[in-house]
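**Q** take this sequence and fold it.
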Amino acid sequence: MSACPRLRHRRCAPANLLLAAQPEGRCSTGESFVPRGPYRRYLEEILAPWRTGAEFACVGGECLRLEEVGRGVIAHFSDGSVRLADVAILATGHPRPDPAEDRLLQDPWRAADVPPDARVVLLGSGLTMIDKVLTLLANGHRGEIVALSRRGLLPRSHAPTRPLPLGLPDVPLEAPMSALTAWVRRLAREAEARGGTWRDAVDGIRPFVRCIWRGLPERERARFLRHGAGWWDVHRHRAPPASDARIAAALADGRMAEDLVAAHAAAPEQGLGRQARP
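**A** Prediction:
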């Protein structure tokens, strides 16, 4: 799926990544999207030789805090140990939730025995939802599938891009969200005028996202998270065209539905509570 890196150029792609994905029939060229399973196995194979050397160490534990010192950064762990490094990078990913009752599957990657005629409700309408819907359909699921979303936005379909050639002077750093939004829309129009699509604007902006975020004051960051983050996510984290087509077909023939709601309760013994948003 598109949540994993795409192989933009076959000559630059490690051959074993293509080989890892081919058995599942979903990655055979440099333009393919890599499913999460094969990509995980590929990363494990890459890291395996490093685990035996001195260059890489995987330490299990709870890091309580980071302390900047003259020589770099000290990581303090809950067992009292410390580790010194030149640079600390926060790459925590998404924590896996605690197991729940079978009817409330909080971990989307845990295998679940779903009756083929059961009504399935998915909280969220992003790429993980697409993965789960396609898995259900591939397994012959016949029951209703409903995706609940606060904004009713689905990931946009991916297509080949030619990112706009932007430089840091072109980026309106520290501008308010209203000005940034107008700038992004103007770039999208420019890309379309050149014969491209809005994707060229989004991919041209991507290298500067961190600089833009750092330049925003807290109030503007809050405005983005409240009003703009959902829209940016569906344009930035795009779906493979084949997956997008399957979701569109499922919506069209009634096998799947999308509902604009706010989930307010989830109790295994009562089913999923929800409240429609006006």
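**Q** what is the helix or strand hosting Leu134 packed up against?
**A** Using DSSP states H and E, Leu134 sits in helix 127-138. For helix 127-138, the elements it packs on are strand 120-123, strand 145-149, helix 241-252, judged by 3 or more Cβ pairs under 8 Å, 6 or more residues apart in numbering; DSSP states H and E. C-beta coordinates here come from the backbone N, C-alpha and C atoms, glycine included.
**Q** how big is the angle separating the last one from helix 127-138?
**A** The directions of helix 241-252 and helix 127-138 differ by 70 degrees, with axes from the mean of the first three to the mean of the last three Cα atoms, to 10 degrees as the criterion.
**Q** now Gly126: closest residue in space that isn't a chain neighbour?
**A** In space, Gly126 comes closest to Pro155 once its chain neighbours are excluded; the distance is 6.1 Å by Cβ to Cβ, 6 or more residues apart in numbering.
**Q** per-residue confidence at the one you found?
**A** With respect to pLDDT, Pro155 scores 94.
**Q** and Leu166, how many neighbours?
**A** Leu166: 16 surrounding residues under other Cβ atoms under 10 Å.
**Q** residues contacting Val114?
**A** Contacts for Val114 (Cβ atoms under 8 Å, 6 or more residues apart in numbering) come out as Val120, Leu136, Asn139, His141.
**Q** now with 10 Å, please.
**A** Asp102, Arg103, Leu105, Val120, Lys132, Thr135, Leu136, Asn139, His141, Gly143 (Cβ atoms under 10 Å, 6 or more residues apart in numbering).
**Q** which residues touch Val209?
**A** By Cβ under 10 Å, 6+ apart, the neighbours of Val209 are Val171, Trp232, Arg236.
**Q** so where is the stretch 101-250 of the chain shaky, pLDDT-wise?
**A** The model of the stretch 101-250 of the chain has pLDDT under 70 over residues 101-103, 107, 109-111.
**Q** can you do 90?
**A** The model of the stretch 101-250 of the chain has pLDDT under 90 over residues 101-116, 121-124, 128, 131-132, 134-136, 138-139, 148-152, 240, 242-243.
**Q** tell me where it has helices.
**A** 127-138, 177-193, 198-205, 209-215, 218-223, 229-236, 241-252 (DSSP state H, counting those that start in this stretch).
**Q** save those helices as TSV, and put in distance to Thr52 too.
**A** Below are those laid out as TSV (distance: least, Cβ to Cβ, whole Å):
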stretch	distance to Thr52
helix 127-138	33
helix 177-193	46
helix 198-205	38
helix 209-215	34
helix 218-223	43
helix 229-236	37
helix 241-252	38
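**Q** for these, which one sits closest to Tyr39?
**A** Of all the helices of the stretch 101-250 of the chain, the one in closest proximity to Tyr39, counting by Cβ to Cβ, is helix 127-138 (12.4 Å).
**Q** still on that earlier bit, show me which of the contacts of Val209 is closest to Thr161.
**A** Closest to Thr161, out of all of those and judged by Cβ to Cβ, is Arg236, at 11.8 Å.
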